[in-house]
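Asks: heads up, no residue letters with this:
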């Protein structure tokens, strides 16, 4: 069974090239990837995660509103008793990484993160030997 990963663009940010590149890299690595498209609310992201029965959620935000948006996603996951690891990326200042990790985000990929690094960390987060190098 292939593991399903949800890639979501949260908030009003309309720039999605990076999210699409990451989605493609994960797909090429053998994962099933569901991409939500732009301008998703935290509520839409969590509803899609439930509907698609995903193993992992990747959030992307370039607008600078990542902390409140990602916090809301994490709150909703907890409210729904959904134990799905979350990683994120975008234009995230290094000073925000500890805040995001404290709220439960497993990995934070900022500008300059390599696709190889992202794929390897996702394999670790999924915890399935079939995806190990």
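Replies: Nice, thanks for sending it over. On a predicted model such as this, the values are computed, not experimentally measured, just so you know.
Asks: longest helix anywhere in this structure?
Replies: Taking DSSP state H as the criterion, the chain has its longest helix at helix 66-79.
Asks: tell me the buried residues in it?
Replies: 66, 69, 70, 71, 72, 73, 74, 76, 77 (16 or more other Cβ atoms under 10 Å). C-beta coordinates here come from the backbone N, C-alpha and C atoms, glycine included.
Asks: make TSV from those residues and add pLDDT and distance to residue 36 to it.
Replies: Shown next, in TSV, are the buried residues of helix 66-79 (pLDDT from 0 to 100; distance: Cβ to Cβ, whole Å):
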residue	pLDDT	distance to residue 36
66	94	16
69	95	13
70	96	15
71	97	18
72	97	15
73	97	12
74	98	17
76	97	14
77	97	15
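Asks: make TSV out of those residues and add distance to residue 111.
Replies: Output for the buried residues of helix 66-79, formatted as TSV (distance: Cβ to Cβ, whole Å):
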residue	distance to residue 111
66	13
69	18
70	17
71	21
72	23
73	21
74	22
76	27
77	26
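Asks: with those in mind, which one is nearest to residue 54?
Replies: residue 77 (11.0 Å; Cβ to Cβ).
Asks: hang on, that closest one packs against residue 47?
Replies: No - in this structure residue 77 lies outside contact range of residue 47 using Cβ atoms under 8 Å: 11.2 Å.
Asks: for the most centrally placed residue in the chain, which non-adjacent residue is spatially closest?
Replies: Geometric centre of the chain, nearest residue: residue 58, 0.9 Å, by Cα atoms, centre = their mean. Using Cβ to Cβ, 6 or more residues apart in numbering and skipping the chain neighbours, the partner closest in space to residue 58 is residue 7 (4.6 Å).
Asks: show me the contacts for the one you found.
Replies: Contacts for residue 7 (Cβ atoms under 8 Å, 6 or more residues apart in numbering) come out as 19, 22, 23, 26, 33, 34, 35, 36, 58, 60.
Asks: what's near enough to touch residue 5?
Replies: Here residue 5 is in contact with 26, 31, 32, 33, 34, 54, 55, 56, 57, 58, 122 (criterion: Cβ under 8 Å, 6+ apart).
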